[in-house]
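Visitor: kindly return the folded structure for what I paste below:
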Amino acid sequence: MYTSLIKMEFSYFLLIFGLLFTGVHGQKICWDSKWYNESVTLRNGSNYEHQPVSVLDKICTQGSVIAAQCKDIKGEPFNVNFNDTNNHIYVVCDHINGLICHPYPHIPYATCLDYAIRYGCRCPPITSTVGSHLLLEDAIEVKCTASHWNISVNMSRLQMKYHSVKPTDIFLGSEKCQGHLDNSILLFQQSFNTCSTSEKFNTDMNIYKNNLFYIVFDPVRPYVVLKHEWTFNVECDVNANEVTSSHVEHITEVHNASFTSHYRLTMTYYNDVNFLHRISGNPLKVVLGENVFVKVYTTLPDWDTKMILDTCYTRPSGTNTSAMDVTLIKQGCEVDRNTHIISQSTHETRFVYKDFKYFNNNGGLDIFCNATFCHTSDFSARCTQACKHTVS
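Guide: Residues are numbered from 1 along each chain as shown. Here you go, the predicted model:
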């Protein structure tokens, strides 16, 4: 019976394994920058990651996804199926089935790691200029009339340099001002009195200024920016001859974060899973979209006292209201899909979150963590380090 179960499990694995190699050979793949990690390892040791069709259909600007890559929290990306005889697991990773990991049946303590998955699209065809050498000026043309903008963005060229960019990621002055697509050309023809265009009147000319920006918002929390790739400043100088000029400013996205401590807590930040390379400075400077490893601890010398981490959340810097709070951990539970508790002890909790920013807030964000301190002999619900509610 045991042998037959093994054969059935591996037959299923081999069937799924064969699905990976159906139609993507020889095609150049452009990978989406977003990693999906929306599930955790189940009690039976299995792990699954797969997005619905409504999500997959929005990833590629042309056609459907054609490939997938997977990784665990500390591993290199892979896009092959494999049978891990050391850890007694087998893993499927492809764009049809998503990520599927199962432990060997009847092997005690065999369990899958916590995996993430991202998807790949067909790369846009390269026509004349190699993508790595393209400038934004090669893809964006700025013109204007006496009353409105006439900005053209060649999406085919832009996608040669920024493979995952979509027309819905480009804005003029405001998140409410998007262009309309005409074949592969994204057009912005808004009036000067809209989209936060500024104006300055001189004797000889009127000067209008605005900017295009490439931003990716969180689909669940539209006020959270996951990625800010560049800003392209545009200027229109209108005189009798209707002269037009443009200027470009590239922004390397660096994000600030500061911290507040409670109950004699200390928070330190690291850029590696081993907590060896500390991020120093105040405010802290963190690259948007990268993992930030956080250690929350107390320096109390009293080992008869234990620290129970309850809640961690973020708030736009300089605000006093909770309207835009993003909760990372609540009542000891991970509630943000990009936050994961790594380890916990009586005086320390380590977790990782993916850095983000709030839209229209350049002051960074503040991170707050709250903890309770109890005697080590107190095992009441309040003084036990555990997830204290069911996360939906």
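Visitor: going forward, measure contacts between C-alpha atoms and count neighbours the same way
Guide: Will do.
Visitor: wait, a helix at Asn211?
Guide: No: assigned with DSSP: H, G, I helix; E, B strand; the rest coil, Asn211 falls outside any helix and is strand.
Visitor: low-confidence ranges in the protein?
Guide: The chain contains residues with pLDDT under 70 at 1-27, 125-132, 146, 201-206, 238-264, 302, 389-392.
Visitor: and the helix or strand hosting Asn370, what's buried?
Guide: Asn370 belongs to strand 365-375 when elements are defined using DSSP states H and E. By 16 or more other CA atoms under 10 Å, the buried positions in strand 365-375 come out as Leu365, Asp366, Ile367, Phe368, Cys369, Asn370, Ala371, Thr372, Phe373, Cys374.
Visitor: packing partners of it?
Guide: strand 254-260, strand 305-316 (3 or more CA pairs under 8 Å, 6 or more residues apart in numbering; DSSP states H and E).
Visitor: what angle do the last one and strand 365-375 make?
Guide: Here strand 305-316 runs at 160 degrees with respect to strand 365-375, directions being taken by axes from the mean of the first three to the mean of the last three CA atoms, to 10 degrees.
Visitor: relative to strand 305-316, what are the paired strands and their orientations?
Guide: The strands beside strand 305-316 in its sheet (DSSP bridges) come out as strand 326-330 (antiparallel), strand 365-375 (antiparallel).
Visitor: what's the spacing between the longest one and its chain's center?
Guide: Spelled out, it's strand 365-375. 25 Å (CA atoms, centre = their mean, to the nearest Å).
Visitor: just the CA coordinates of that strand, formatted as CSV?
Guide: Provided in CSV are the C-alpha atoms of strand 365-375 (Å, rounded to 0.1, in the frame of the first residue of the first chain):
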residue,chain,number,x,y,z
LEU,A,365,7.0,56.1,6.6
ASP,A,366,7.1,55.4,10.3
ILE,A,367,7.1,51.8,11.7
PHE,A,368,5.5,51.2,15.1
CYS,A,369,5.7,48.0,17.1
ASN,A,370,3.9,47.3,20.4
ALA,A,371,4.7,44.6,22.9
THR,A,372,3.7,43.3,26.3
PHE,A,373,6.1,42.3,29.0
CYS,A,374,5.2,39.4,31.4
HIS,A,375,6.8,37.1,33.9
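Visitor: returning to what we had before: Trp149: which of the strands paired with strand 305-316 is closest?
Guide: Proximity to Trp149 (CA to CA) singles out strand 365-375 among the strands paired with strand 305-316, at 33.9 Å.
Visitor: assign the closest residue to Cys333 other than its chain neighbours to helix, strand or coil.
Guide: What sits nearest to Cys333 in space, not counting adjacent residues and going by CA to CA, 6 or more residues apart in numbering, is Cys387, at 4.6 Å. Three-state assignment for Cys387 (three-state DSSP): coil.
Visitor: circling back: just send the buried residues of strand 365-375 back as TSV, with distance to Asn44 too.
Guide: Listed next are those as TSV, based on distance: CA to CA, whole Å:
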residue	distance to Asn44
Leu365	38
Asp366	37
Ile367	34
Phe368	34
Cys369	32
Asn370	32
Ala371	31
Thr372	32
Phe373	33
Cys374	33
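Visitor: and the two most separated of those residues?
Guide: Greatest spatial distance among these (CA to CA): Leu365 and Cys374, at 29.9 Å.
Visitor: number of nearby residues for Pro105?
Guide: Residues near Pro105, counting by other CA atoms under 10 Å, number 14.
Visitor: picking that back up, the residue nearest to Cys333 and Ile329 touch, don't they?
Guide: No: with contact defined as CA atoms under 8 Å, Cys387 does not count as touching Ile329 (9.5 Å).
Visitor: who's more crowded, these two?
Guide: Ile329 (22 against 14).
Visitor: just checking, the more buried one touches Cys312?
Guide: Yes: with contact defined as CA under 8 Å, Ile329 counts as touching Cys312 (4.9 Å).
Visitor: report the residue ranges of every domain in the chain.
Guide: 2-122, 131-246, 254-383 (automatic domain parsing).
Visitor: could you check how far the longest one is from the centre of its chain?
Guide: In other words, domain 254-383. Domain 254-383 sits 18 Å away from the centroid of its parent chain (CA atoms, centre = their mean).
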